[in-house]
Each structure stands twice: as C-alpha cells, then as structure tokens.
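Novice: sharing a sequence plus its predicted fold:
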Amino acid sequence: MPSVDFTLRWPDGALQRCYSPSRSIEESLVQGAAYPVDELVRRCRAGLERAGERVREVRGFACTASAEQLAAIESRAREFAEAGDDAVVTVEHLRRDRGPVNHPAPERLAGHAGAVVIGGGQAGLAVSYHLRERGVPHVVLERDRLASSWRNQRWDTFCLVTPNWQCRFADHPYAGDDPDGFMLKDDIIAYVEWFAASFPVPLYEGVAVERVEGGEGGFQLTTSHGELTAEQVILAVGGYHVPSVPRAGAALGPEITQLHSSSYRNPGSLPDGAVLVVGSGQSGAQIAEDLHLAGREVHLSVGSAPRVARFYRGRDCVAWLEDMGHYDMPIEDHPEGLAARKEPNHYVTGRDGGHDIDLRAMAREGMHLHGRLLGVDGSGLAFAGDLAANLDAADATAERIKDAIDRHIAARGIEAHGEERYTPVWSPAPGASEDRLALDGVSTIVWATGFRSDWSWVKLPAFDGSGYPTHYRGVTTVPGLYVLGLPWLHTWGSGRFAGIDRDARHVAAHVAEHRAVEAAAA
C-alpha cells in the first residue's frame with residue numbers, strides 16, 4: 001500500500017516529520033499549502049482516520065501508526081491554541097512512496113551502452129520498441145518511475161482531452177471497450193504499463209541523468225548510478241521540465257497558499273476559502289471547472305488560450321480534424337511556422353464523456369472571471385481589462401474550426417446533420433477596465449502558467465538562442481543526438497499519443513542508419 005511522508009512547519013518555525021500509511025492524506029493536504037492551526041488539525045484527523053480505515057480494509061487489523069501520528073499532531077497544535085487564525089501551519093513537503101519499482105537498476109552503471117534513451121515515459125518507451133525492432137542495442141534510463149509525469153503531475157479527476165482511439169502506441173492501439181471515451185489518469189498509467197510489459201524493454205528506473213557531454217566514441221553520460229558512454233543519445237524527456245510561476249507570487253505572504261497546477265490534486269485538499277486559478281489553458285480551465293463543480297468559490301484569470309468545441313455536427317471535433325489531416329500537418333506547413341510550438345493548446349475536456357469548457361456558462365453560474373493578471377497591487381491583485389477580448393478571441397477560434405469542418409463536409413458531400421452555432425450566454429459588463437481582487441478574499445492561488453524547459457544538463461551545442469533544441473523531426477544538429485516527445489516536434493500530434501509512434505519510428509530509423517554508416521566507415 002503506497003504510503004505518504006509529509007512535513008509540517010509550525011508557526012514557530014519548527015518542522016515536524018509525519019507519516020500516513022496510505023494516500024488518503026492527499027485528499028486533505030496539498031504540498032505548499034498554509035492552513036490555520038485548527039483547520040490543519042481537522043484535515044489531518046480526517047485524512048489519517050481515512051488512512052487507518054484503508055489499512056483495516058486491506059490488512060484486516062487496526063493501524064496504530066495513523067492514530068499515533070494524529071496524536072502527535074494534535075499535541076503540537078495545542079501549543080498554539082491561543083494564537084488564532086493568524087497562526088498558520090505550512091505543508092513543506094508531501095511525497096508518496098514511489099511504489100514498487102519493476103525495473104530496478106544495478107547499484108552501479110558503467111561501460112558502453114550503444115544508444116541511451118533518457119526518459120521512461122511514452123516517448124522513451126515508443127522509441128525503445130522501435131530500436132529493438134531494428135536490433136539497436138540500447139538502454140532506457142528513467143529518473144523516477146515508468147510514466148512518472150502521469151502519476152505525479154496530474155490531478156485526481158484528470159482524463160485525456162483526446163478520444164481513446166487516438167492512443168496508438170507501436171502495434172498497441174487502445175484495446176478497451178470505449179474508443180470514443182477519455183481515459184482517466186489511472187487508466188492512462190495502466191495503458192502505458194501494458195505497452196511496457198509487451199516487450200522486454202531495457203529500462204532502469206530510479207536513474208537520474210545529471211550530465212550529457214561529448215566523449216570518446218560519441219557521448220559521456222554522468223548518472224546517479226555511475227558513468228556510461230554511448231554512440232547515440234535520445235532525449236525523450238519532453239519539453240515541460242520546470243514549473244513556471246510568475247514573479248508576482250514572491251510578493252504574497254505565507255497566508256496565501258500557492259501551488260503550481262502540476263501539484264494540484266483535488267478541491268478538498270486546498271485550504272478553505274476562495275481559490276484563484278491563474279491561466280486558462282487546458283490545465284487552468286479544467287482545474288477551474290474541477291473546483292467549480294465541487295462548489296468552491298473560484299476566480300479565474302483568463303488569458304489568450306483558444307478553445308474548441310467538443311462535438312460538432314454529430315462527431316467529436318478531434319475526429320473531424322483527424323479526417324481533415326490536421327494532426328498530420330508538418331510544422332513547416334503551419335501558417336505560423338515554428339512559432340506554433342509556443343502556442344497554447346485549445347481548452348476542452350473529456351470529463352464525464354466529454355463536453356465544451358464554456359467559461360461564460362460557469363461565470364453565469366457564479367465563477368468570477370478576470371482578465372490577464374498584471375501583478376500584486378498593494379493589498380490586492382490587479383488584472384488587465386482584456387477579459388471580454390480574450391473570451392471573444394477564444395470563441396472566434398472555436399467558430400473558425402467549425403467553419404473548416406463545414407467546408408470539409410461540403411467539399412466531400414458528407415451527410416451530417418446541421419447544428420446551430422454557439423451563442424454567448426454571458427459577457428462582462430460593458431466598458432469593464434482593469435479590476436482588482438482583494439488578497440483577503442483568496443486563500444489559494446493555483447498557477448496554471450505552464451512550464452519552462454531546462455536543458456542545462458546537456459552540455460552540447462544543440463540549442464538555439466532561446467534554449468530550444470535545433471532539430472528536424474527529432475534529429476538534432478549534433479550527430480548522434482536526438483529529441484523526442486516535444487510538442488510540434490514534427491506535427492500537431494507529436495506531443496500526444498496520436499503521433500508519438502510516428503516520431504519514434506522515424507528517430508529509431510535514423511539511429512539505425514547512423515550506426516550503419518559509422519560501422520561502414522570504421
């Protein structure tokens with residue numbers, strides 16, 4: 001049973017290391033949160049009692065560890081009985097046990113590995129499959145655990161925004177009974193594990209690659225388990241490495257809980273009070289909806305992210321776009337060219353069978369919408385007066401996609417029923433300009449502001465002035481070095497299950513060809 005370690009920082013600055021025998025505590029606490037002492041005790045009591053019951057259900061006997069831990073927390077809290085709500089306890093650290101490692105690494109790694117794949121997610125596994133098919137000796141190194149980002153950086157109700165039928169691992173398409181549905185987080189993890197179990201993947205979990213540089217015979221890799229040399233290196237770590245949080249967060253006091261969207265788990269784990277979500281891309285819009293459906297008071301800072309309808313004229317819009325070839329369009333054919341790699345994804349959801357995320361409808365139901373966040377202004381947060389423009393632009397994108405679908409239907413004589421176009425159900429007050437939100441009205445801020453890349457550990461001249469890898473279809477400008485799993489690596493589908501296999505197949509073929517050329521020249 002996965003356990004959870006967590007550390008509390010009490011109002012006097014002292015740290016208390018705590019333990020929960022199950023993940024139930026994650027329904028009550030979130031890392032980085034600041035709770036008033038009484039609220040912290042109430043939440044710990046609920047979480048640890050659930051953990052104790054979970055142990056009883058699984059093992060058939062009472063859990064003394066959870067009861068003893070709760071008693072220790074309650075004892076510490078009594079020291080602050082007179083402090084009032086101004087005294088807060090911060091959850092400094094909350095980390096679940098990694099669980100069973102199915103691909104353990106040897107105590108030390110050394111020698112020559114032929115090709116090294118860095119990253120044990122869907123990209124690393126897919127290219128490993130194709131390297132094996134081509135007889136290329138290689139090893140896959142994963143710093144945490146297989147599919148770790150799905151396990152550790154998604155909220156509890158997370159699901160795919162693309163239909164299950166778009167999940168097409170190498171020779172292993174989705175095989176469930178709901179191809180038009182949207183897999184939940186645990187189903188996604190199971191799908192990745194199923195694929196990994198389908199072939200003898202040479203994977204080592206728990207091996208962090210700390211440095212990649214040029215070396216004898218190709219590349220030198222420094223890892224947490226020793227040093228390796230390799231003729232080829234494939235960086236299958238995606239492009240979302242470090243959570244990006246605006247500088248404005250540094251001006252907020254400890255009484256405001258701040259967390260990145262990758263740390264958000266569920267509405268109940270956040271401190272009581274209103275929640276501000278900053279960012280309306282896929283994660284921000286879905287988290288705002290998750291909080292809204294749970295009855296929380298929600299403020300959403302709306303940016304420039306576009307939206308798309310879930311269904312139109314009887315089909316999922318993804319199905320129409322697939323038929324129209326949009327997911328196969330090379331980036332060089334995109335109207336925006338390479339700049340498309342920096343564009344946010346369209347927000348929509350697969351939750352409960354899939355539906356539009358209509359921010360206007362949620363505003364009509366009580367969600368508070370604001371424009372782009374400008375920063376902290378005295379005792380409040382200041383927002384730009386661009387809310388109406390941002391909502392209109394998102395709607396316009398959704399309507400342009402429908403226009404393209406209409407043209408596709410008409411050009412091919414497809415029989416599809418008609419559908420009325422979207423009519424806005426709510427709009428900001430006319431003439432609305434900059435607005436402010438008082439800090440005392442918000443207990444938590446969720447920064448859904450994306451990630452930044454960090455390639456500082458790759459000591460090779462393979463990056464442009466912005467730090468992005470210079471490559472064509474994953475083949476970088478450094479011979480023998482490859483990247484995989486990046487959004488728009490080659491097509492719109494490159495960063496998702498739909499297109500990762502094609503990119504992995506191409507990179508594996510290039511690796512095999514490169515090895516053959518090197519061997520012939522030797």
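Specialist: Nice, thanks for sending it over.
Novice: which residues in the stretch 351-500 of the chain form strands?
Specialist: Remark: strands assigned in the stretch 351-500 of the chain by DSSP state E, counting those that start in this stretch are 368-370, 373-377, 380-383, 435-438, 444-447, 451-452, 458-459, 471-472, 475-476, 481-483.
Novice: for stretch 293-311, C-alpha coordinates in CSV please.
Specialist: Taking Å, rounded to 0.1, in the frame of the first residue of the first chain, the C-alpha atoms of stretch 293-311 are listed here in CSV:
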residue,chain,number,x,y,z
LEU,A,293,-18.1,21.6,-9.8
ALA,A,294,-17.0,20.9,-6.2
GLY,A,295,-18.8,24.0,-5.0
ARG,A,296,-15.7,26.1,-4.3
GLU,A,297,-15.7,29.8,-4.9
VAL,A,298,-13.5,30.2,-7.9
HIS,A,299,-11.7,33.2,-9.6
LEU,A,300,-10.1,32.6,-13.0
SER,A,301,-7.6,34.8,-14.6
VAL,A,302,-8.4,34.4,-18.3
GLY,A,303,-5.5,34.6,-20.8
SER,A,304,-5.2,34.2,-24.6
ALA,A,305,-5.7,30.4,-24.8
PRO,A,306,-8.1,29.4,-27.6
ARG,A,307,-10.9,26.9,-27.2
VAL,A,308,-12.5,24.2,-29.3
ALA,A,309,-16.0,22.6,-29.2
ARG,A,310,-16.0,19.0,-28.0
PHE,A,311,-18.6,17.9,-30.6
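Novice: can you give the distance of it from its chain's centre?
Specialist: Stretch 293-311 sits 17 Å away from the centroid of its parent chain (Cα atoms, centre = their mean, to the nearest Å).
Novice: buried residues in that stretch, which are they?
Specialist: Burial within stretch 293-311, assessed by neighbour count using 16 or more other Cβ atoms under 10 Å, is assigned to 296-303, 305-311. Where C-beta positions appear, they are placed from N, C-alpha and C, glycine not excepted.
Novice: contacts for the worst-scoring helix or strand of the chain on mean pLDDT?
Specialist: Scoring the helices and strands of the chain by mean pLDDT, DSSP states H and E places strand 168-169 at the bottom, with a mean of 86. The contact list for strand 168-169 (Cβ atoms under 8 Å, 6 or more residues apart in numbering) reads Gln122, Leu125, Ala126, Tyr129, Tyr174, Tyr191, Phe195, Phe497, Ala498, Ile500, Asp501.
Novice: which one of the strands of the stretch 351-500 of the chain lies nearest to Glu68?
Specialist: Glu68 lies closest, by Cβ to Cβ, to one member of the strands of the stretch 351-500 of the chain: strand 444-447, at 29.9 Å.
Novice: so what strands line up beside that closest one?
Specialist: Taking DSSP bridges as the criterion, strand 444-447 sits next to strand 257-260 (parallel), strand 275-278 (parallel) in its sheet.
Novice: would you mind giving these as a markdown table with mean neighbour count and distance to Glu68 added?
Specialist: Shown next, in a markdown table, are the strands paired with strand 444-447 (neighbours: other Cβ atoms under 10 Å; distance: least, Cβ to Cβ, whole Å):
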| stretch | mean neighbour count | distance to Glu68 |
| --- | --- | --- |
| strand 257-260 | 22 | 27 |
| strand 275-278 | 26 | 33 |
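Novice: tabulate those strands (CSV), appending mean pLDDT.
Specialist: CSV is the format used below for these (pLDDT from 0 to 100):
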stretch, mean pLDDT
strand 257-260, 95
strand 275-278, 98
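Novice: let's have those in CSV, adding distance to Ala396.
Specialist: Shown next, in CSV, are the strands paired with strand 444-447 (distance: least, Cβ to Cβ, whole Å):
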stretch, distance to Ala396
strand 257-260, 29
strand 275-278, 23
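Novice: and those strands: which comes nearest Gly47?
Specialist: Of all the strands paired with strand 444-447, it is strand 257-260 that lies closest to Gly47, at 16.5 Å by Cβ to Cβ.
Novice: who's in contact with the closest residue to Ser263 other than its chain neighbours?
Specialist: Closest residue to Ser263 apart from its sequence neighbours, by Cβ to Cβ, 6 or more residues apart in numbering: Gln31 at 5.6 Å. When contacts are counted by Cβ under 8 Å, 6+ apart, Gln31 touches Phe6, Val91, Glu92, His93, Leu94, Arg95, Leu259, Ser263.
Novice: closest to Leu373 out of the residues you listed?
Specialist: Each of the contacts of Gln31 was scored against Leu373 by Cβ to Cβ, and Leu259 proved nearest at 15.6 Å.
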